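1. Below are the sequence and a predicted model for it; my questions follow.
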Amino acid sequence: MSLVATTLTGVAASPGTVHARAVAWEPGVAVAVEPAADLDEASARVVADLEFRAAAATTGEGAEVLRALVMFAADPELLALARSLAAGGQAPEDAIRSAAASYAEQLRGLGGYLAERAPDVEDVGARLADCLAGRAPAELPRPGHPYVLVARDLAPADTALLDPRSVVGIVTEQGGPTSHTTILARALGIPAVVACPGARTVLDGHEVLLDGSRGEVHVAPNATLVAAVESREEEAATRRAQSRGPGATADGVGVKLLVNLGTVDQAVAAAAEDVEGVGLFRTEFLFLGRTDEPDPDEQVETYASVLEAFGDRRVVFRTLDAGSDKPVPFLGLADEENPALGVRGLRTAVTRGDVLQRQLEALAGAAARTGTDPWVMAPMVSTPAEAEHFAGLARAAGLRHVGVMVEVPSAALRARHVLRSVDFASIGTNDLAQYALAADRQLGDVAALLDPWQPALLDLVASTCSGASDRDLPVGVCGEAAADPHLAAVLVGLGVRSLSMAPRAVPGVRSLLAAIDLATCRDVAEAARSAVDAPSARAAVADVLG
Ligand code: PEP
Ligand code: MG
């Protein structure tokens, strides 16, 4: 009996299309090995295995994920808790699982990035338990041909080892826009659809046409659909390969193509690429998880290294965005019921203005040391008074290009007033979507609401551009939305003139913009804003741009 063609829809997690057979994978089916004698031996074996995997990881991001797992597998507190549970009568295998579960629970309670590490600890607990029971974890399938991997979800250690020559696409029933699967799939350039209901109805051997840009999985697609999608992809690949230089539309309207970064290593790597600068340097990576503030010299050193790497190209630093999804313990922020709505971003400067002050001085120090002119902006600005306060501090520190992020709907709606004391605006579509749609960006269950194609989000971008146009201020976008070529065209049509994204996304955005003029960008912006919801906005623009 031939399979009936169906289309499943999930969250578009990593762009690109692929046509291949599916391999459905259930982790947990393990092979038998010699059991570890005790917890110490299990820990040593799991650490060695994860280190081996880290050395074999196909990306820097993958190796980082595995090194974090190594720390958990050797964590003295985790192992001590398991030993005390075992001393209380639990079987060693159960004791380590319970210890990992309680550790994961604590991390979930802390929220934000730390909560996202909870599955890592659970994965490590399962690996240690398997080792004690004489089971080796199941490896990813190797059917001998490229395939689309279909699973309920993927553990970080599995995703980190994916070989893009073998796994050419990923579909998961769970996961969300910030899950490891998503982050690593993007880093590896593997098209992926996550949070896809019905994913597990796709069985081994089913033919699948996966569209990671639109979040669609066509099962048993007909030949016409396959041919249309393949020829569209080939044309796009040729355009990408030929794209070079500064971003511009076909009729010469400049759109700066910048990158989002968070570390000096990333800056050094990205500076070697054909990009026009940094649109968002997330300085909190220097602060995250620390119990003491990085001293001014360390800060100057870091910022100067980024500026040196980019020379005379634009570099936009965002001041510390602490709180909510970005915990910074040394600030001593109070526990809150709703941290995303609480003291975060620029609001932390109300009680810890000294930290912001030292950071602005360090940025000015780095500028002086390198002879460059960095741009600086504040996160989570909601009112004109906040913008004015920040601009005053930054200018007093000697910084000359001062801006604000627009990621709260009030700032977008009242942009004319909020932007009156600054030089530029950068729209953070990740948070702007979270606040406009009242959907927690950490929660996979509401991922569809956070779709950057939501017409309500596009209305807020339009409102920001219109407020900025009164004073001719440049508006950029530095949220995930900027990395989607079709959506980039919409943003340009709305008035955005710089787009900041992961370095890998730049050629796709550049080549699409080079192929269309400003009038077309305005037409697609109008089509997207007239649509009733995100899928129809995406489809309406795809109809025009092909
Ligand atoms: C955003 O909110 O869109 C943004 C770019 O900042 P972050 O994702 O770091 O909050
Ligand atoms: Mg943000």
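-> Looks like it arrived, so ask away. Numbers count the residues shown, from 1 in each chain. Ligands and ions are numbered 1, 2, ... in the order given.
2. now stretch 11-23: mean pLDDT?
-> Confidence over stretch 11-23 (mean pLDDT, whole number) is 90.
3. Near ligand 2, which residues of this protein? Just list them.
-> With the criterion set to C-beta under 5 Å from the ion, the chain comes near ligand 2 through Glu407, Gly428, Asp431. Every residue, glycine included, has its C-beta placed from N, CA and C.
4. Check which residues of stretch 233-253 are buried.
-> Using 16 or more other C-beta atoms under 10 Å as the burial criterion, the residues of stretch 233-253 that qualify are Glu233, Ala236, Arg239, Arg240, Ser243, Gly247, Ala248, Thr249.
5. give the contact list for the last one.
-> Shown here is Thr249, whose contacts under the criterion C-beta atoms under 8 Å, 6 or more residues apart in numbering are Val255, Val492, Leu513, Ala514, Ile516, Asp517, Leu518, Cys521.
6. Looking at the residues of the chain next to ligand 2, spot the one nearest Val278.
-> Relative to Val278, the closest of the residues of the chain next to ligand 2 is Gly428; by C-beta to C-beta it sits at 14.8 Å.
7. Pull the number of nearby residues for that closest one.
-> By the measure other C-beta atoms under 10 Å, the count of residues near Gly428 is 26.
8. With Pro535 instead?
-> Pro535 is surrounded by 16 other residues when neighbours are defined as other C-beta under 10 Å.
9. and it, what element?
-> Counting by DSSP states H and E, the secondary-structure element that holds Pro535 is helix 534-545.
10. Same question for Arg21.
-> Here Arg21 is covered by strand 17-24, with elements defined by DSSP H and E.
11. list the buried ones in stretch 403-414?
-> Of the residues in stretch 403-414, those buried under the neighbour-count criterion (16+ other C-beta under 10 Å) are Gly403, Val404, Met405, Val406, Glu407, Val408, Pro409, Ala411, Ala412, Leu413, Arg414.
12. hmm, who's touching that stretch?
-> Contacts with stretch 403-414, where a contact means C-beta under 8 Å, 6+ apart, come from 316, 318, 345, 375-384, 386-387, 390, 415, 418-419, 422-432, 435-436, 460-461, 463-464, 467, 478-479.
13. Weed out the non-buried ones from those.
-> Neighbour-count burial (16+ other C-beta under 10 Å) is assigned, among the contacts of stretch 403-414, to 316, 318, 345, 375-382, 384, 386-387, 390, 415, 418-419, 422-432, 435-436, 460-461, 463-464, 467, 478-479.
14. for the chain, what are the low-confidence residue spans?
-> Segments of the chain classed as low confidence (criterion: pLDDT under 70) are 1-3, 27-31, 58-60, 111-113, 156, 176-180, 289, 444.
15. sec struct for the residue of it positioned farthest from its centre, please.
-> The centre of the chain is farthest from one residue, Gly89, which by C-alpha atoms, centre = their mean lies 43.0 Å away. Local secondary structure at Gly89 is given as coil here, using DSSP: H, G, I helix; E, B strand; the rest coil.
16. Next, find the distance separating it from Gln434.
-> Counting by C-beta to C-beta, to the nearest Å, the gap from Gly89 to Gln434 is 45 Å.
17. before we move on, what about Leu512?
-> As judged by C-beta to C-beta, Leu512 and Gln434 stand 26 Å apart.
18. distance of the nearest residue to Arg244 once chain neighbours are set aside from ligand 1?
-> Spatially, and ignoring its direct neighbours in sequence, Arg244 is nearest to Asp274 (6.2 Å; C-beta to C-beta, 6 or more residues apart in numbering). Distance check for Asp274 against ligand 1: by C-beta to the nearest ligand atom, to the nearest Å, it reads 22 Å.
19. and Asp274, how far is that from Lys256?
-> Noted for Asp274: a distance of 13 Å to Lys256, by C-beta to C-beta.
20. For these two, list the residues in contact with both.
-> Contact criterion C-beta under 8 Å, 6+ apart; no residue bridges Asp274 and Lys256 by contacting each.
21. Settle it for me: which of these two has more neighbours?
-> In this view Asp274 and Lys256 are compared by other C-beta under 10 Å, and Lys256 has more residues nearby, 19 against 13.
22. who touches the more buried one in this structure?
-> Going by C-beta under 8 Å, 6+ apart, the list of residues near Lys256 reads Pro246, Gly247, Glu276, Gly277, Gly279, Arg314, Gly476, Arg497, Ser498, Leu499.
23. Closest to ligand 1 out of the buried residues of stretch 403-414?
-> The closest of the buried residues of stretch 403-414 to ligand 1 turns out to be Glu407 (C-beta to the nearest ligand atom; 4.7 Å).
24. Surely Ala42 and Cys131 touch.
-> Yes. Using C-beta atoms under 8 Å, Ala42 and Cys131 qualify as a contacting pair, with a distance of 4.1 Å.
25. Give me the neighbour count for His145.
-> Here the number of neighbours of His145 (other C-beta under 10 Å) works out to 10.
26. Against Gly212, how distant is it?
-> Relative to Gly212, His145 is positioned 20 Å away (criterion: C-beta to C-beta).
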